[in-house]
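Model the following, please.
(2 chains)
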There are 2 protein chains.
Amino acid sequence: MKLASLPHGRDGRLVVVSHDLAWCADARHIVPTLQGALDDWARHEPALRALAEDLEHEMIPRLRFHEREATAPLPRAFQWADGSAYVNHVELVRKARGAELPDSFWHDPLMYQGGSDDLRGPREPIVLADEAWGCDMEAEICVVTDDVPQGVSATAALGHVKLIGLVNDVSLRNLIPGELGKGFGFVQSKPATHFSPVFVTPDELGTAWRGGKLNMALHVDLNGQPFGRAEAGEECTFDFGMLIAHLAKTRSVGAGSIIGSGTVSNRDPDGSPGRPVASGGRGYSCIAEQRMIETIAGGTPTTEFLKWGDVVRIEVLDDHHKSVFGAIEGEVVKP
Amino acid sequence: MKLASLPHGRDGRLVVVSHDLAWCADARHIVPTLQGALDDWARHEPALRALAEDLEHEMIPRLRFHEREATAPLPRAFQWADGSAYVNHVELVRKARGAELPDSFWHDPLMYQGGSDDLRGPREPIVLADEAWGCDMEAEICVVTDDVPQGVSATAALGHVKLIGLVNDVSLRNLIPGELGKGFGFVQSKPATHFSPVFVTPDELGTAWRGGKLNMALHVDLNGQPFGRAEAGEECTFDFGMLIAHLAKTRSVGAGSIIGSGTVSNRDPDGSPGRPVASGGRGYSCIAEQRMIETIAGGTPTTEFLKWGDVVRIEVLDDHHKSVFGAIEGEVVKP
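Got it, this is the predicted structure:
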């Protein structure tokens, strides 16, 4: 089942979307919003699945689904917690500034609490007041949970994954060192986050969803050119069960919480940091990684951060080259 | 006007509460929840104020208001961002571990993004799985905003303060060093946060609300004994306008966002770190401060962190010794 929200009030109105993303059906007679569905998932899921089935068989009135019209599936959420499951990414970031990676980073996930009061839709522009802030994309996978009890195990946590989607965790790289230096995590350096047009249930992904990981390539294009093709199922040190269990160690996690994977990142098959797509590698899911590799190789980065007018596209394609979650495609604009 | 929520579904049901906290009136015919009221404050505020007026004049059906029955005014919120306005607190924390206070801390506020998916009511217990985590209270002031545009000035931000309340920002001190050492801020070391029974509009506070600060003493009792009597209007380096402007520098802030002051903290009039209430000082709004002062004085802390069975009470009294926001009073319990 694929779910999306169309513009309506602050929380959107829920629609079920066909597998091919071409059609949708109003779900408001079941539950008005996706948050409402997640608040009582056991009750609403069967009716939503029946509606999705009817949509697929053209048994009900249907509307064209246009990704550009969708808001974020959750236009605002009660929690957005972003992990760093791809330790290769973390190691590269640190290497570029000459810092060692503590061994604990391989068994204790990094995670930050993000702002969730204003989540942006797939085609909304990336609003950037100052290019000097060093705007970057971070292409990630995310999951949405129902209610998760405090102290849940990583295995049990996977049963609480109700939906899966894509994220552009926009970051302001030049604000990060100062802010992290203060020790309290990200606030100003993480502006509004963008989400894929649809979130999907785990069964929709078939065998690509296994071990709490999405075993598919994450396509990141910058200004129409391939920038990243990292495999999200590889070198993912912490699966989503482990990330949720980390978050729930000292408190419960409410229905509709969104948990992110952190920037998807692969090494090269020879063990070296990844090469650009143009050089036959899998490229990068953020500009910072490419800059780090340039820094490690040549002393200084040559790729610039995002400028006004740049366009970032993030998408996952299935075996038939069909978009699974729809695309996040945003232009960087002045406020 | 004083507003509270009584148990109903996930978001409570809105009531207006009398000045003396003795009575309340159902506000659901105006708007069902406090979040709903904040989502369209300009529309709902006049009707809510009229209802509050009628309640005060006993012109409508009224119910007894019992603080123990109230949930958090916002049982879940789309944002909870906590500042550190009282730099004295920050300086003490750092001094205890031999770290200098960077000069920037006096003009650039510390702030962290907290979990807002599960906000606890005033009489809910503080659920602590492991006493070794070093559980502590942090008594704070908070404000709730309507929609705040990105880039708002500190002065303009004050116009977006719609409600004011009290917070117990429960902290797990022994988890903090490891977690902050990872650089991404608090996740596990900040379990669920507790809120006062009522939030009040700024006019309700008269001249005590001025300059974006609450100019009243914050009463903190531990197991029935006075522990803190800090003046929240004194040594508050960053008023709430500055804290909101800090949060809104790179993104807008959604209606119903809760912004905290950080632990309220005063020096002694002679400039030294504060003395305990029992020694004639204003005491502390968290145990960590008392422990720091013990550490600075004698090398080791003697006051223990919270244990199962301990009771923390946080309250603000007006000139007539009447409770303004009601009391947060929670016992520390095993899950």
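
Tell me where the stretch 101-250 of chain A has helices.
With DSSP state H, counting those that start in this stretch as the criterion, the stretch 101-250 of chain A has helices at A:154-158, A:176-181, A:240-247.

Chain B is nearest to which of those helices?
With Cβ to the nearest Cβ as the criterion, chain B lies closest to helix A:176-181 of the helices of the stretch 101-250 of chain A, at 5.1 Å. Any C-beta I mention is one placed from the backbone N, CA and C, and that applies to glycine too.

a markdown table for the helices of the stretch 101-250 of chain A, including mean pLDDT and distance to A:Lys2?
Converted to a markdown table, those look like this (pLDDT from 0 to 100; distance: least, Cβ to Cβ, whole Å):
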| stretch | mean pLDDT | distance to A:Lys2 |
| --- | --- | --- |
| helix A:154-158 | 98 | 20 |
| helix A:176-181 | 90 | 34 |
| helix A:240-247 | 98 | 19 |
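
can you list those helices in a markdown table and add mean neighbour count and distance to chain B?
A markdown table is the format used below for the helices of the stretch 101-250 of chain A (neighbours: other Cβ atoms under 10 Å in any protein chain shown; distance: least, Cβ to the nearest Cβ, whole Å):
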| stretch | mean neighbour count | distance to chain B |
| --- | --- | --- |
| helix A:154-158 | 18 | 15 |
| helix A:176-181 | 15 | 5 |
| helix A:240-247 | 24 | 6 |
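
Dump those helices into JSON lines; add distance to B:Thr33 as well.
Shown next, in JSON lines, are the helices of the stretch 101-250 of chain A (distance: least, Cβ to Cβ, whole Å):
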{"stretch": "helix A:154-158", "distance to B:Thr33": "29"}
{"stretch": "helix A:176-181", "distance to B:Thr33": "33"}
{"stretch": "helix A:240-247", "distance to B:Thr33": "26"}
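
And the residue of the stretch 151-300 of chain A that's closest to chain B?
Counting by Cβ to the nearest Cβ, the stretch 151-300 of chain A gets nearest chain B through A:Gly185, at 2.1 Å.

Help me confirm that A:Val90 is found in a strand?
No: A:Val90 is assigned helix when assessed by DSSP: H, G, I helix; E, B strand; the rest coil, not a strand.

Just give the nearest non-adjacent residue to A:Pro226, would you?
Excluding the flanking residues, the one nearest A:Pro226 by Cβ to Cβ, 6 or more residues apart in numbering or on different chains is A:Val277, at 4.3 Å.

I figured that neighbour hits A:Gly283, correct?
Yes: using Cβ atoms under 8 Å, A:Val277 is in contact with A:Gly283, at 3.8 Å.

what touches both of these two?
A:Pro226, A:Phe227, A:Gly228, A:Arg229 (Cβ atoms under 8 Å, 6 or more residues apart in numbering or on different chains).

how many neighbours does the first one have?
Meaning A:Pro226. Counted with other Cβ atoms under 10 Å in any protein chain shown, residues neighbouring A:Pro226 total 15.

repeat for the third one
A total of 29 residues lie near A:Gly228 under the criterion other Cβ under 10 Å.

can you tell if stretch A:73-92 touches chain B?
Yes: Stretch A:73-92 lies within reach of chain B by Cβ under 8 Å from any Cβ of the partner chain, at A:Arg76, A:Ala77, A:Phe78, A:Gln79, A:Ala81, A:Ser84.

how far does stretch A:167-177 stretch from start to finish?
23 Å (Cα to Cα, to the nearest Å).

Could you pull out the buried residues of that stretch?
Residues of stretch A:167-177 classed as buried: A:Val167, A:Asn168, A:Asp169, A:Val170, A:Ser171, A:Leu172, A:Arg173, A:Asn174, A:Leu175, A:Ile176 (neighbour count, 16 or more other Cβ atoms under 10 Å in any protein chain shown).

Report the residue spans of the stretch 1-150 of chain A with pLDDT below the cut-off.
By pLDDT under 70, the low-scoring segments of the stretch 1-150 of chain A are A:96-97.

same thing but 90
Applying pLDDT under 90 to the stretch 1-150 of chain A picks out residues A:88-105.

can you give me phi and psi for the residue located most distally from the centre of chain A?
Most distant from the centre of chain A: A:Met59, at 32.6 Å, with distances by Cα atoms, centre = their mean. With angles defined as degrees, to the nearest 10, A:Met59 sits at phi -100, psi 0.

repeat for A:His44
phi -90, psi -30.

from what I can see it touches A:Gln35, true?
No: look at A:His44 against A:Gln35 with Cβ under 8 Å: they stay out of range, at 11.2 Å.

that older thread, tell me which two of the shared contacts of A:Val277 and A:Gly283 sit farthest apart.
Greatest spacing in the shared contacts of A:Val277 and A:Gly283, by Cβ to Cβ: A:Phe227 and A:Arg229 (8.5 Å).

what sits in contact with each of these two?
A:Val220, A:Val277, A:Gly283.

mind listing what the second one touches?
What that stands for is A:Val277. Applying Cβ under 8 Å, 6+ apart, the residues near A:Val277 are A:Pro226, A:Phe227, A:Gly228, A:Arg229, A:Gly283.

Keep only those of those that are in strands.
Within the contacts of A:Val277, residues falling in strands by DSSP state E are A:Pro226, A:Phe227, A:Gly228, A:Arg229.

Can you name the residues bridging to the closest residue in space to the third one that isn't next to it in sequence?
Counting by Cβ to Cβ, 6+ apart, A:Gly228 lies nearest to A:Val220, which is 3.5 Å off, once chain neighbours are set aside. When bridges are taken as DSSP bridges, the partners of A:Val220 come out as A:Gly228, A:Ile314.

What parts of the stretch 1-150 of chain A come near chain B?
A:10, A:39, A:76-79, A:81, A:84, A:104-105, A:108, A:110-118, A:127, A:129, A:133, A:150.

likewise the stretch 201-335 of chain A?
Contact residues, the stretch 201-335 of chain A versus chain B (Cβ under 8 Å from any Cβ): A:His246, A:Leu247, A:Lys249, A:Thr250, A:Arg251, A:Ser252, A:Val253, A:Gly254, A:Ala255, A:Gly256, A:Ser257, A:Pro335.

Report the lowest-confidence entry in those.
Lowest in pLDDT among those is A:Pro335, which has 90.

What about the buried residues of stretch A:167-177, which are in strands?
Using DSSP E, the buried residues of stretch A:167-177 in strands are A:Val167, A:Asn168, A:Ser171, A:Leu172.

restrict those to contacts with chain B.
Restricting those to those near chain B by Cβ under 8 Å from any Cβ leaves A:Leu172.

Take the ones in strands among the buried residues of stretch A:167-177 and lay them out in JSON lines including pLDDT.
Below are these laid out as JSON lines (pLDDT from 0 to 100):
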{"residue": "A:Val167", "pLDDT": "98"}
{"residue": "A:Asn168", "pLDDT": "98"}
{"residue": "A:Ser171", "pLDDT": "97"}
{"residue": "A:Leu172", "pLDDT": "97"}
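
For the ones in strands among the buried residues of stretch A:167-177, could you give me TSV that also reports distance to A:Val15?
Formatted as TSV, these follow (distance: Cβ to Cβ, whole Å):
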residue	distance to A:Val15
A:Val167	20
A:Asn168	22
A:Ser171	30
A:Leu172	33
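
B:Thr145 versus the closest residue to chain B within the stretch 1-150 of chain A, what's the distance?
Relative to chain B, the nearest point of the stretch 1-150 of chain A is A:Asp117 (3.3 Å; Cβ to the nearest Cβ). The gap separating A:Asp117 from B:Thr145 is 10 Å, by Cβ to Cβ, to the nearest Å.

Find residues that contact each of those two.
Common contacts of A:Asp117 and B:Thr145 (Cβ under 8 Å, 6+ apart): B:Val253, B:Gly256, B:Ser257.
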